[in-house]
Every structure is written in C-alpha cells, then in structure tokens.
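1. Here's my sequence, what's the structure:
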Amino acid sequence: MGLLQTSVFRRTFEQAPAGGSERWVVVVLVLLAASVRLGYAYHGRHVALYGDMIHYDAAALRLLDRHVFSFWGGAPDAYVTPGYPLFLAGCYQLARWFHGSTAAMRTWAVMVQAVLSALTTGWIYAMARAAMRRRFAVLAALLWVIYPPSWWASTQLLTEPLYTFLLYAFAWAFLRAVQRGTPAAWAGAGVALGLTGLVRPTVFPLVAAAWVYLAVVHGPSRRIRQAVAGGLWHTAGFVLPLWPWWVRNARVLHRLVLSDTEIGNPLLYGTDPNYQHDPDLGRGLTSDQQKHLALQRIKDQFTHHPWQALRWYTVGKLHDLFTKPWFPPHPSRLWLINALNALHLVWVFLGCAGLCLGCWRQRAVRWFAVLAAFFVVVQLPFIPVNRYVYPLMPLFFMGTAYLVQTGRDWILARKGGRTL
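-> Down below sits the predicted model:
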C-alpha cells in the first residue's frame, strides 16, 4: 500500500458534504467565537505595549508617516518580515480615517485580530470535517472557541493572530489542492503559504510539501508531467507575494534577503538553558555575530557535553514549549491559571495521541500530524518560548477530537452498536 493512494486519499477529503447545513454550522461556530473574542477584546481594549509589541507598533507608524520599513527605527532593515507591520499599518490607517488617536488605532487593530481569530475557527472546522464526522469536527472547533489564550492573543500586537489565521488558510487550501488537483488550486495554496511566510518565515520549507505529495502520488503512476506542473504552480504561487519583499531588499539593502535577518538572536538564546535569567546574552552583537556565536556554542555543547546538550535540545525544550499555555499570570486567580495549565496539558497529550493514531488509521490526519511535527522540529534549535506553540494548538484540538471519535467507535463496536 502506498503512503498516499490518489483515489483513497481524495475520497477521504470528499467525505464532507458542502451542503447548506454544513455552511450553517461554520457560521454559528464563527459567530460564537467572534462574540467571545470581541467581548474580551473590548473589555481589555486599552493595549499596554511591551517587548516586541513596541517595535511592531513603531514600525507600523513609520510605514504610515515616513514610508520606511525599519523594525529598529534607524536605517531601513529586514530584521523581520513585513507581513505583520503592514497589517498593523493597514489597521491604523483605517482607524485614522474614523478616529485619529493612537489609542483608537491600537483598539481597531485588536478588534480586527479578534475577528481573524474567530474566522480561524472556520478553517479548523473545515480541516477537521475532512478527517472526521460532523459532531467531532464541531468538538475540535469548540475547543478553539473556548481556549482562553486564543481570546487573550487577539489583544496583543504580535504576529500570532494573523499568522494563525493564514497558516490554517494554507493548510485548508493544501487539502483542497489535493482534492482538486487543478493548477489554480495548487497556485492558491502556494499564495496562502507565501502570505503566511511574510508574517513568519518558519513556514518556508513547507513549499516542499506539495512536491513530496505529488512525487509520492504521481511518481509510481509515471504521471510525471502532472506532478511537475502541480509543483511548479504551487511554487509560483508561493513566490508571488514574496517577490516584492525580495526586490525591496535587493534595492534598499543591496543584498538578497529571502526572509529576515532575525535568526541570530533566537538561535543564540536557544543555546542557553538559563535564557530566562540571562537578558544580556549577545548584547551589543549584530545578528550575524549572534548567529556565528550560537553555532559555535552548539558545536561546543555537543562536542564536550553531548548528553546534556541532547537533553536540553529535546526534553528540556519540549518541556518549556508545552507545559504551560501562552497566557498571562493572574496572581489573584491562581486556581484559574492552574486549571488552565492542567487542561492545556490534557489537550496536548490527547492531541498527540490522536495525531499519532490518525497517522496509522486515517490518511487525512497525516497532514495535521506532519504540520505539528514540522513546527516542533523547526522550533527546537531556537529559544523555547510557549508563545511559538500557540499556533499549533488547533492541530492538537483536531487530534483530541479524532481520538474521542475513535474511542467512541471502539466502545460502540465492543458493545455491538454502530457509529453515528
């Protein structure tokens, strides 16, 4: 049996009907998510800037007022990709047309992010529905609706709300490209991936996913031309939104920067198990110098202390990434935070189990598992901040829902019942 047989794989994704009732389920879920998020955002609409939020806010204002892209405020740079500052600048400009105050601009951005987080619910349901029955797809979407960090994330002027929305737009577009196999579908998935990469370049290697899938499916059947055409359309779609950024960097910075130049700082902090108490690590060094120092430290760690280094880059970082959700502490509501931490761990463990089980039993879930594994592996060399795991939580919710469906079916089968 091939890993992905065309007819079986496509039937898997075609099991979800596109009827009116299906659309109403999506509408209700999105409206429910929007009501929760907009209410939370309005309640905490006074945005307090700190950390990277200060720089994103300033970069957006510089784009509007000086028409210069600079994260640090000096000369033009490419320290971060331009997706999120452009998004903020767009929200700020809309707010200026109606209000004009800086506080109103940030509130407007927060509200837009809340809507994007609600719309992400639709992508989650659509993906889950491609792999499981309706009630369990609803369960996966509802877990995202009620997940408190997804409410709070919308109030932060950081990349997560926009990135998560675009990431799952790409993930769903990829499924549709697998189902349809048309040039337009593959190109659309590529455009969605390129837009996601403009917000966070971690996704760049996923452009190879289409080539791998097409090679596995069409290679044995010798439909090489169709496979190459699909891969080329996907790659062209990926390049399309990124091309202006590459041209800008070549003209303004006089060198080719495909993504950004930020890699040195998070890579260097990722070499230090004591990173939380070492804020001055790499201070005064350029990004290239930090990258060089990080690579040298990694080499030394694995040369002189291989077991300690292996433990830090696997167990240690996985612990820091997954044990707690990305959510602010509330000393006055410690019981609530402890309950959320416990639920978060339950969802992570159940989700992992469901994704692993789905890899064996359900071809559609393999795509979810591949995405989760990819992002975990890519993150391990860098600083293990739980903020970077936040966009993966919908995958764990889908894994949890699939595990619940499988467990229910098994219980009914043992009792001689039938699945619904």
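2. Remind me which helix or strand Gln405 belongs to.
-> Here Gln405, judged by DSSP states H and E, is contained in helix 393-414.
3. Could you list the buried residues of that helix?
-> 393-406, 408 (16 or more other Cβ atoms under 10 Å). The C-beta positions use only the backbone N, C-alpha and C, and glycine is treated the same way.
4. Could you check how many residues crowd around the residue nearest to Leu242 when sequence neighbours are not counted?
-> Leaving out its chain neighbours, the residue that sits closest to Leu242 by Cβ to Cβ, 6 or more residues apart in numbering is Gly194, at 5.0 Å. A count of neighbours around Gly194, defined by other Cβ atoms under 10 Å, yields 25.
5. Can you list the helices and strands that the helix holding Gln405 packs against?
-> With contacts defined as 3 or more Cβ pairs under 8 Å, 6 or more residues apart in numbering; DSSP states H and E, helix 393-414 has these neighbours: helix 102-129, helix 134-145, helix 334-361, helix 363-379.
6. For Ala236, find the nearest of the ones you listed.
-> helix 363-379 (21.8 Å; Cβ to Cβ).
7. can you list contacts of that closest one?
-> 4, 8-9, 12-13, 127, 130-131, 171, 174-175, 202, 205-206, 209, 317-318, 321, 352, 354-359, 388-389, 391-392, 395-396, 398-399, 402 (Cβ atoms under 8 Å, 6 or more residues apart in numbering).
8. ok, now which ones touch Trp24?
-> Trp24 sits next to no residue when contact means Cβ under 8 Å, 6+ apart.
9. I'd like the next helix or strand past the helix or strand hosting it.
-> Per DSSP H and E, Trp24 falls inside helix 20-43. Going down the chain from helix 20-43, the next helix or strand is helix 52-65, by DSSP H and E.
10. Export that following helix to CSV, keeping only CA atoms.
-> Output of helix 52-65 as CSV, limited to C-alpha atoms (Å, rounded to 0.1, in the frame of the first residue of the first chain):
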residue,chain,number,x,y,z
ASP,A,52,8.3,43.2,20.6
MET,A,53,4.9,45.0,20.6
ILE,A,54,6.7,48.3,21.0
HIS,A,55,8.7,47.7,17.9
TYR,A,56,5.8,46.4,15.8
ASP,A,57,3.8,49.4,16.7
ALA,A,58,6.6,51.8,15.9
ALA,A,59,7.3,50.0,12.6
ALA,A,60,3.7,50.4,11.5
LEU,A,61,3.7,54.1,12.4
ARG,A,62,6.9,54.6,10.5
LEU,A,63,5.4,52.9,7.4
LEU,A,64,2.5,55.3,7.6
ASP,A,65,4.3,58.5,8.4
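11. what about it, average pLDDT?
-> Across helix 52-65, pLDDT averages out at 95.
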